[in-house]
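K.L.:
Have a look at this prediction, sequence included:
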Amino acid sequence: MTNHWTDFKNTDVALICGSNAAENHPVSFAWLQQAREKRGAKIICVDPRFTRTAARADLYCPIRSGSNIAFWGGMFNYIFENEQYHKDYVLSYTNAASVIKEGYAFDENTGLFDSFNEEKRGYGKGNWDYEKDADGKVVKDLTLRHPRCVFQLMKKHYSRYTIDMVVQTTGAPPDKLVEVYKLYSSTGQVGKAGSILYAMGQTQYTSGSQNVRCMAMLQLLLGNMGLPGGGVNALRGHSNVQGSTDMALLFHLLPGYMPAPTTEWPTLADYNATTPAAPSYWSNRPKFVASLLKAWYGDAATPQNQFAYDFLPKAKKGKNYSHISMFEDLHANTGIKGLFVWGQNPVVSGPSAGLESKAMENLDWLVCLDPFENETSTFWKRPGANAKKINTEVFLLPVTTFLEKEGTLTHSGRLIQYRWKAVDGPGNVRQESYIIDRLVKRVKSLYAASTKPQDLPIKSMTWNYPDPLVSQANFIDAVMREINGKDLATGKQVPSFAALKDDGSTNCGNWIYSGMYTEELGNRTKSRVLDDPGGWGAHPGWGFSWPANRRIIYNRASADPSGKPWSKERAYIWWDEAAQKWTGYDVPDFIGTVKPTDPLGDKPFIMQTEREGRLFAIKGLNDGPFPEHYEPVESPTLNVLNKRQNNPAAFLGKEGGKVKGDSEKFPIICSTWRVCEQFHTGAYSRNMPWLAELMPSSFVEISEELAAEKGIKNGEVVELVSARGTARAVAMVTPRARVFKLHGKNVHQVGLTWHFGYQGLVKGEIANHLTPHVGDANTAIPEYKAFLVDIRRVTV
Amino acid sequence: MSRMARLIDITRCTACRGCQVACKRWNQLEGEIGPFTGSYQSHSDLSPNRWTMIKFYEEKKQTGFEWHFRKTTCLHCGDAACVRVCPNGALVQMENGTIRRIEENCVGCGYCAKACPFDIPKVDHEAKKMRKCTFCYDRITNGLTPSCAKTCVPRAIVYGSWDDMAKLADERLAQAKGRYPKAQIYGKTELGGLGVIYVLPDSPANYGLPIDPKISFSLVFWKEVVQPAGKLLLGASLAVTAAAFIFSRRNAFKQKPSSKIEEGGGQGHE
């Protein structure tokens, strides 16, 4: 989130799209309803089905799964046509006025941007850049009239997204759609703020990254970035998913959102050559990398050996190591022999679960860490498997639940909070950090006598933490100090990432968390001060919010270019002329003493080289500088907005593209989703009698029309079939599910929960047997949210 | 302790059902895994081990589709039929408004279940005991909030003095009117004022509540008329019977002391 949970109370209009906030993030509704009560705020819910969020919204507009970009594009067009954008903000803080190179083009007849290579399924991107003058300065047209300025390009690009076109593509009722556009774009007025709440209903598509781009662009157009009550707010799917991505439990990143090294960058100099140019704040990246390597390799990391950059494994150039790829490799038996599964249950949560659980049969060994025996640790006895023919040795290490361990969680609002253990776990269960400590020590001891150079990374890795068996608290304390970083000369904790150096004189485990643990302020994640200066809910003394304890990022944008708040109603951060510094109710996201009149003093988006919010993505995402609507890989309708059916750069993997269902055989759109009562793969919650009682079965929501067509009665068992497999579930016939009219054709949409599997107190068939093995063009996140099925009654 | 109440604002409930779990957790009631009902609602009704639950209502209205969730629970009536019919003094009304069940007096006869206009008490036939929401008597007499109100994230359930909750209901109603023009309050005047005051989006009938709940005279007749009359002399005049009726009614409202009470809560705070 750019903002945070408590900040929802400050909004005037909350647009919940691609999230079922009331069910899956109940806390959000405490604040949203407060906004409604105290400010008269409106809550909008845009969702294929009428959820518990829709039930509590002021305005509900259904759109079918897989039509998000059409929906957003239509809003852009509405905003341009009705001039609802925040003109001063757009002009001063975005790249709207910048002129783009002449070669940039989009052709609706091919559905492609310029420079596409069909074979590589990728773009050249060279023209997706600013036109520069003889001095290398970006050419700008502050009148916004230049036909190649971003403003005009964007306006033109989305002019095809007319209300009628959007209605035909999304299936939304026209009156509701216009009402949503009108209400949400009213937050473009000065003094108003609109917040967007989203989750996997935006990301889990082949165009997921572009969906997220749309929201950022919309908030820039309306001047909603950096303001309390505004922002682009991802409601993360797990209490610590934010923390896990921050710490880079992802294949393409190092901690703190630095890219993972690849064979393209064999030396640290090569790696650092990819650093974004100043004045982007990212130009400090070499300091963060050097400090990270010092934290990991200690004295073995020296300026002479590039801080042991050689020790880092390098991804093969062009190779994708995402979840889908890893399981395809495993399926093809190309070398993965063993698997550690921590805090995951891929047999239930992975796409094309049939393929993925079959793939696991190729493992020599599997180690699962879980409080319960879940579907992954029992994949060898799953329905249909022949256990006699599976030679995988499985180890299940019982671990503590969240109440039985101590440590930190970082929630969606980037707030890291320490949590103390409530009770001891039963029997011999262990906290994961103990297990990893013993694992590392064991591996290191096995290599201790080695003289081989390739074993140096293991030998050199620092691991000097107190024994967690003696004191878990001391172990965590030491890890947290290392993450914060210190000055190696003085031994003192660094006050913030600004103190990090690229010469090896500092170490830091993750630059964005720097400042959370210092001698002066102690471990700030344990701080519980309730003060709330300004009443905006920033609560700066409660925990620590990265970066630098900022509660709302880009908050310089809450003030106008001259440094005054855009409106009195929303005074949050401003320039204090008397004190000659930025001040307000939050940590200013700006260099504190740079005056508004100084060079770059009026440019709040400090992470970009041009310091502007990018309506046009320079060098783009893999699938274009502007989001463009393409149909999901499986869709019952033709793309009418352009002539390209699917995202040309979508990630298809090796297997995914092969098993595609066509709409003749599988005419119904299907989506998977969660319910409040079950958690994720259900490994916890389906073993919890009180929760199992609330939601005892997998079910599929189908409309009354579809039920009548197929002769299905409420409560009957039905079978869903996709090109990948089948899943049975109980039918829930409800007016909350609906038929969508797409380009004159009635199309049904159904959806089912994916929390169920064959273990636990309550069981159900695995929904992910149905889902495709294809993913987003940029992140390879699977397209769980839109695919095709057929549905039939089961005579038991 | 003055009379206490819970406000349940249906227009704010998101049906997360945290209250259902919190109730079972505090009271250590077993999970009851039943078959899937074809609805989000887990069971059709309360049970001896399920003292509160959310009931789901899909409403097709001319103004559009609505989906509402009502927390069902003992309403701790001001004029409680269950107290009036209980033949063994197993149900008493406490000063704080709790309709309290005395474990040792309850024989599970089910009179209360028949008399309750809201169909709340459930009899465990094996144990021969009736069970229902205790208003977390053990918590509220020790300065805590009832567990359902404590856990309610959207603050749809609020606990406080009856007067404060009645006032808050007016505020909430004013807010709810914007979205639900037919919104109304339920529980302020019904049966001597209920210990649960609802803010409803529409008519109580839409959410399984009787519009004008009444206590059936035929059910209270035995205890309030025949029994007291029997204790007097047979053949006494009608006037004596009438007087007895009045006395017994009054007595029914008085707290009956008991040496042993359920769920271990003390009476010291009364």
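P.N.:
Sure thing, it's come through.

K.L.:
Only C-alpha atoms from now on, for both contacts and neighbour counts.
P.N.:
Will do.

K.L.:
For chain A, what's its nearest residue on the stretch 101-250 of chain B.
P.N.:
Using CA to the nearest CA, the single residue of the stretch 101-250 of chain B nearest to chain A is residue B:154, 4.2 Å away.

K.L.:
List the contacts of that residue.
P.N.:
A:26-27, A:29-31, A:33, B:12-14 (CA atoms under 8 Å, 6 or more residues apart in numbering or on different chains).

K.L.:
part of a helix, is residue A:175?
P.N.:
Yes - the assignment for residue A:175 is a helix, going by DSSP: H, G, I helix; E, B strand; the rest coil.

K.L.:
Okay, it and residue A:612: tell me how far apart.
P.N.:
According to CA to CA, to the nearest Å, residue A:175 stands 35 Å off from residue A:612.

K.L.:
Between the two, point out the one with more neighbours.
P.N.:
residue A:612 (22 against 11; other CA atoms under 10 Å in any protein chain shown).

K.L.:
Run through the bridge partners of the residue nearest to that one when sequence neighbours are not counted.
P.N.:
Once flanking residues are discounted, residue A:612 sits nearest to residue A:94: 4.6 Å by CA to CA, 6 or more residues apart in numbering or on different chains. Note on residue A:94: beta-bridge partners by DSSP bridges are residue A:613.

K.L.:
Hmm, residue A:94 is touching residue A:613, no?
P.N.:
Yes - with contacts counted by CA atoms under 8 Å, residue A:94 reaches residue A:613, the gap being 4.3 Å.

K.L.:
Verify the stated contact: residue A:288 with residue A:499.
P.N.:
No - look at residue A:288 against residue A:499 with CA under 8 Å: they stay out of range, at 10.1 Å.

K.L.:
The stretch 101-250 of chain B against chain A: which residues are in contact?
P.N.:
Residues of the stretch 101-250 of chain B lying near chain A by CA under 8 Å from any CA of the partner chain: B:153-155, B:175, B:179.

K.L.:
ok, and the closest non-adjacent residue to residue A:287?
P.N.:
residue A:502 (3.9 Å).

K.L.:
top of the residues of the stretch 101-250 of chain B next to chain A by neighbour count?
P.N.:
residue B:154 (23 neighbours).

K.L.:
For that residue, report the pLDDT, please.
P.N.:
pLDDT, residue B:154: 94.

K.L.:
What are the buried residues along stretch A:269-281?
P.N.:
For stretch A:269-281, a neighbour-count test (16 or more other CA atoms under 10 Å in any protein chain shown) marks A:271-272, A:275-276, A:280 as buried.

K.L.:
I meant stretch A:91-108, not that one.
P.N.:
Buried residues in stretch A:91-108 (16+ other CA under 10 Å): A:91-101, A:104-106, A:108.

K.L.:
Residue A:470: how many residues sit nearby?
P.N.:
9.

K.L.:
Return the residues in contact with it.
P.N.:
Residue A:470 neighbours (CA under 8 Å, 6+ apart): none.

K.L.:
Can you tell me the SS state at it?
P.N.:
Classified using three-state DSSP, residue A:470 is coil.

K.L.:
what helix or strand does residue A:202 sit in?
P.N.:
Taking DSSP states H and E as the criterion, residue A:202 maps to helix A:200-203.

K.L.:
Likewise for residue A:53?
P.N.:
Going by DSSP H and E, residue A:53 is in helix A:52-55.

K.L.:
got the contact list for that helix?
P.N.:
With CA under 8 Å, 6+ apart, helix A:52-55 has contacts from A:20-23, A:44-47, A:60, B:14-15, B:66-68.

K.L.:
which residues touch the residue nearest to residue A:612?
P.N.:
A:220, A:612-615 are the contacts of residue A:94 under CA under 8 Å, 6+ apart.

K.L.:
pretty sure the residue nearest to residue A:287 is touching residue A:292, no?
P.N.:
No - in this structure, residue A:502 is not within contact of residue A:292 by CA under 8 Å, at 10.0 Å.

K.L.:
ok, those two, which is more surrounded?
P.N.:
residue A:292 (28 against 19).

K.L.:
How is the more buried one assigned, secondary-structure-wise?
P.N.:
Here residue A:292 is recorded as helix under three-state DSSP.

K.L.:
Could you measure from it over to residue A:503?
P.N.:
12 Å.

K.L.:
Repeat that for residue A:250.
P.N.:
27 Å.
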